[in-house]
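Asks: build me a model from this:
(2 chains)
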Amino acid sequence: MQSGVTLSERYLIQEVIGIGGMGSVYRARDLHFPNVVKLVAVKEMVNLAPDPQVRKTIIRNFEREANILATLTHPSIPSIFDYFSSDDRSYLVLEYINGQDLEAVVRDAEDFLSPAQVVAWGIELCDVLSFLHNHKPDQIIFRDMKPSNVMIDNRGHIMLVDFGIAKQFQTGQKGTMIGTEGYSPPEQYRGEATHLADIYALGATLHHLLTKRDPRLEPPFSFEERPIRDSNPDVFPEIEAVIARALTYEPKDRYPDIDEMKEALMAAARQTGLLARMPASKAIPAFQADGIKPLWKFKCEDEVRGTPTYFDNTIYVGCYDNNLYALNAADGVLKWKYPTEGGIVSKPAVFDKNIFFGSEDKRLHVINAYSGKIVWSHYADGPVRSSPRIAEGHVFIGSDDGVLHAVNSMTGRAVWTFSAAAAVRSTPFVANELIYVGSENGEFYCVDFKGKVKWQFRAKRGITSSPLVTEHAVYFTSLDGHLYALDPKSGWVLWKFRLGKGSVSSPTILDNLIYTGAADGFIYAIDLKTSKEAWRFRTEHQVTGSPVIYKDALYCTSIDSHLYCLDAKSGQLRWKYATEGPVTGSPLVYDDIVYIGSTDHQIYALLA
Amino acid sequence: MFESIKKLFQKETSPEEKEPVVVSESETVPLSPQQVEDIIAHQSMQYELQQLIAASGQSVGKQRELNEDSILTITTTLAGNAGNIPFGLYIVADGMGGHQYGEIASNTAMRVFGGHIMRKFHPYLFSLPTAPLDESLQELMLAGVAQAQEAIQREAPGSGTTLTAALVLGDQVSIAHVGDSRAYSVYPDGRFDMITRDHSLVGRLEELGQITAEEAANHPQKNVLYRALGQGEVLEPDIFTASFPKKGNLMLCSDGLWGVLTEKDMHQAMSDADTLERACQNLVNAANAAGGPDNISVVLVKMVGQ
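Replies: Here you go, the predicted structure:
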């Protein structure tokens, strides 16, 4: 219906406020009150089912809802004002609730809802279910408890809406499927629906509200495998236990009636002091860096924005004081430093006892790993911020001159150049005799060993991130806020994952998960096959460094000045360490030691 | 010429007993079965470029009156700068729902989902697109499922269908899956890797240890799905990308096949065949020989060349 339509010469339709399977719900003005604005909700049901049997059932259900509502008076149940049909449409006119349904509330919440708030709603829901279950002469089973059927009005109280379901369960051949909502208990599949089903569904609703995980997207009856505190450790175990009992598989093991569940919920809330502290303050787990002392620190003369490299008991790292430092990996004592004429932001590469690295002095420098003496250098026409990739006797490196350089790794002779459309700061990846690299205007190139383009792809913004190539896909992030997975042979986008903001972080993989950071401050773990998020971890500022995997841990830096160590599978924080300035580079982990450089001018070695 | 011999021989169960076949004016002798096999083996090595071949088989079964399954097989290559990339779209949908709506549901799923994918690829197949595809393959498939869901709820309310769709592009296969039709990677040594997961209620109860495998096999609700296209307000299809099974086949089938035959039976039926078409037919025949309680659909896809 368009807004402006008047129904029954009385209800002026204003706008759609909800869309259901059979029709929509509108906000309308009741024109019988010309001097005040009286708003009502008009629920429209469009009956298009061609089969007369189905049509009848649908109409019967709708009438049933009207009749139930007409007999009930409760502050959490909307009043019904009118009911009428015209042609193949039927209408219910209900009390207008100025608010939002819980499904929208939980979906739109950036963080977890406050457990105290959810428990308060849970207690109100127990009240209204108790009213229905104790209704005389006939008990009423709501049968459709779920977040989308609960409205929160503008005073924060709950309203139960949608009394329209009458799902009949038939057994027998395929063809009678049950569209489970994920909130329904197992016995509904046997056609049973007692008040214990409402208790289960309320448990499922509270579980969803506390974990932010929609049970319709999970295998049915999987609550037991997904304890609330696994997703949201801020929920007290006492609260978790109450909801777990409501969700037991066998109806007889649940609370025998809703009043008992309400009492248990209130007792748990009292015990934990939950109801006393509303609204709950968001607790941040207090992981302090107290216990962690670096093995050693080394102070340079300017910011360290690059990433260290390890070779033969030595740490090589570039600095904005223009030097490349060689430090003893065991104690951080300076072995030598090699001066260039520009800042060094990249990660050095090692090949054949030589150290390869680019500098903002527009050169690719190659120096002896032991003596720090120059072997050869290659000139680009712009600062070199890309890290070198060495393969098949060649060094591949990008430059701000917009060129990918291929240089003989022994002699330093330029073999070919490939012109990209913009600066190349991404580090090339070489696989299957192909070179993969991004550029700052968003073009991504796949080039063969002769420097000829095999395919190219365009992101909406720059690709500073360095690609990671497996036999399945080419992975990289872009400043356009996506993590991409491209087919390595053709460049087709297999999937892309939307990050909160742009990213220059380069992804890394462990088992079935791919990890990356982004400017929204999160470290993400994404399933490689399904492109679904496994977890995300919030740091306090942008994540520009790339995550690194070592054993079962993930190490990642943040502009918030910390190095984080997370459990790679779950994303749980193991420890963090604060440097004295933002950290832009990536960590290096070798032999149980993590090395990072910080813009506080220091290089740190910490126990992994 | 070899093709005609092959065809003749395939129709017969015992080619040795046949009369000599004259295929040209010059004097010939019939080829022994061994020779024919050698020829076929030799032929199969002649694929120079990487490409897909596909075949399908369908039967209403022995106990149903209607076919409520729908299948789609599209096999081609996409020409482009990166060379000719194998392209294939394969769908099996198994409809269900009273009032003969099952057929409409599976058909709608196939048309709407397949149509969505093919419309997106139309420019890449038949014109020279200036812009790359804006969506990822997984996003494309997700949108296709959503459209199919909407269409089924509109055109056949109350009904539902499974949908197992495979979009092959190059070496990767992207799968969209709802319900209990299946996709397998099938290897010549008889290994069947199921790459989809059934959205079956009874299967789920079995997983939870609530019922035994035996109880599951005889459960009155063993055909009840907890996810189906056309059902429910929120539908979460399984969408993922995997590598195309090199050295093997990709198989899609409805439960009229996998519910009746063991993996061993299926392997047997396939290894007796010299072509994909014959393998499909053997599978269908085997399911019918085992009682054919339901509609049977199968699609086999193979990557050859390179």
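Asks: the residue of the stretch 151-300 of chain B found nearest chain A: what secondary structure?
Replies: Closest residue of the stretch 151-300 of chain B to chain A, C-beta to the nearest C-beta: B:N223 (3.4 Å). Bear in mind the C-beta positions are built from the backbone N, C-alpha and C, glycine included. Three-state call for B:N223 (DSSP: H, G, I helix; E, B strand; the rest coil): coil.
Asks: go on, A:L209?
Replies: Assigned with three-state DSSP, A:L209 falls in the helix class.
Asks: for A:I603, helix, strand, or coil?
Replies: Here A:I603 is recorded as strand under three-state DSSP.
Asks: residues touching it, list them.
Replies: The contact partners of A:I603, taken as C-beta atoms under 8 Å, 6 or more residues apart in numbering or on different chains, are A:297-298, A:300, A:304, A:308, A:315, A:317, A:325, A:327, A:332, A:595-597.
Asks: same question, A:Y436
Replies: A:P428, A:F429, A:V430, A:F444, A:Y445, A:C446, A:V447, A:P467, A:V469, A:V474, A:P488.
Asks: which among the contacts of A:I603 gets closest to B:P237?
Replies: Using C-beta to C-beta, A:I596 comes nearest to B:P237 of the contacts of A:I603, at 41.9 Å.
Asks: would you verify that the closest one is located in a strand?
Replies: Yes: assessed with three-state DSSP, A:I596 lies in a strand.
Asks: hmm, A:P587 and it touching each other?
Replies: Yes: using C-beta atoms under 8 Å, A:I596 makes contact with A:P587 at a distance of 4.7 Å.
Asks: got any residues that touch both of these two?
Replies: By C-beta under 8 Å, 6+ apart, the residues touching both A:I596 and A:P587 are A:T557, A:L563.
Asks: torsion angles phi and psi at the closest residue to A:E192 other than its chain neighbours?
Replies: Sequence neighbours aside, A:P251 is the residue nearest to A:E192 in space, at 7.7 Å (criterion: C-beta to C-beta, 6 or more residues apart in numbering or on different chains). Main-chain torsions, A:P251, degrees, to the nearest 10: phi -50, psi -40.
Asks: give me the number of neighbouring residues for A:P251.
Replies: 17 (other C-beta atoms under 10 Å in any protein chain shown).
Asks: who are the contact partners of it?
Replies: With contact set as C-beta under 8 Å, 6+ apart, A:P251 has these partners: A:P185, A:E187, A:E192, A:T194, A:L196, A:A197, A:Y200.
Asks: apply 10 Å and report the result again.
Replies: Contact analysis of A:P251 by C-beta atoms under 10 Å, 6 or more residues apart in numbering or on different chains lists A:P185, A:P186, A:E187, A:E192, A:T194, A:H195, A:L196, A:A197, A:I199, A:Y200.
Asks: if we can go back for a sec, distance to chain B and neighbour count added to the contacts of A:Y436, as CSV?
Replies: Converted to CSV, those look like this (distance: C-beta to the nearest C-beta, whole Å; neighbours: other C-beta atoms under 10 Å in any protein chain shown):
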residue, distance to chain B, neighbour count
A:P428, 18, 27
A:F429, 17, 23
A:V430, 18, 18
A:F444, 11, 24
A:Y445, 12, 25
A:C446, 8, 25
A:V447, 12, 23
A:P467, 16, 27
A:V469, 13, 19
A:V474, 11, 24
A:P488, 8, 27
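Asks: widest-spaced pair of these?
Replies: Farthest-apart pair in the contacts of A:Y436 is A:V430 and A:F444; separation 14.9 Å (C-beta to C-beta).
Asks: stretch A:85-100: end-to-end distance?
Replies: 27 Å (C-alpha to C-alpha, to the nearest Å).
Asks: and A:D381, what element?
Replies: Using DSSP states H and E, A:D381 falls within no helix or strand.
Asks: where does the prediction get shaky in chain A?
Replies: Counting by pLDDT under 70, chain A contains low-confidence ranges at A:20-22, A:50, A:164-181, A:189-191, A:275-291.
Asks: domains for it, by residue range?
Replies: Chain A resolves into domains spanning A:6-95, A:100-168+A:183-271, A:472-608 when parsed by automatic domain parsing.
Asks: please identify the deepest-packed of the ones you listed.
Replies: domain A:472-608 (a mean of 21; mean count of other C-beta atoms under 10 Å in any protein chain shown).
Asks: so how far is it off the chain centroid?
Replies: 14 Å (C-alpha atoms, centre = their mean, to the nearest Å).
Asks: swap in stretch A:445-454?
Replies: 35 Å.
Asks: helices of chain A, residue ranges please.
Replies: Taking DSSP state H as the criterion, chain A contains helices spanning A:52-71, A:102-108, A:115-133, A:195-211, A:228-231, A:237-246, A:258-271.
Asks: how near is A:I559 to chain B?
Replies: Applying C-beta to the nearest C-beta, to the nearest Å, the value for A:I559 to chain B is 29 Å.
Asks: again with A:E443
Replies: Distance, A:E443 to chain B, using C-beta to the nearest C-beta: 11 Å.
Asks: count the neighbours of that residue for me.
Replies: Residues near A:E443, counting by other C-beta under 10 Å: 19.
Asks: can you give me every residue that contacts it?
Replies: Applying C-beta under 10 Å, 6+ apart, we find A:E443 in contact with A:A420, A:A421, A:A422, A:V424, A:V437, A:V453, A:Q456, A:F457, A:R458, A:A459, A:G462, A:I463.
Asks: with adjacent residues omitted, what lies nearest to B:M141?
Replies: Nearest residue to B:M141 in three dimensions, chain neighbours excluded: B:A176, at 4.1 Å (C-beta to C-beta, 6+ apart).
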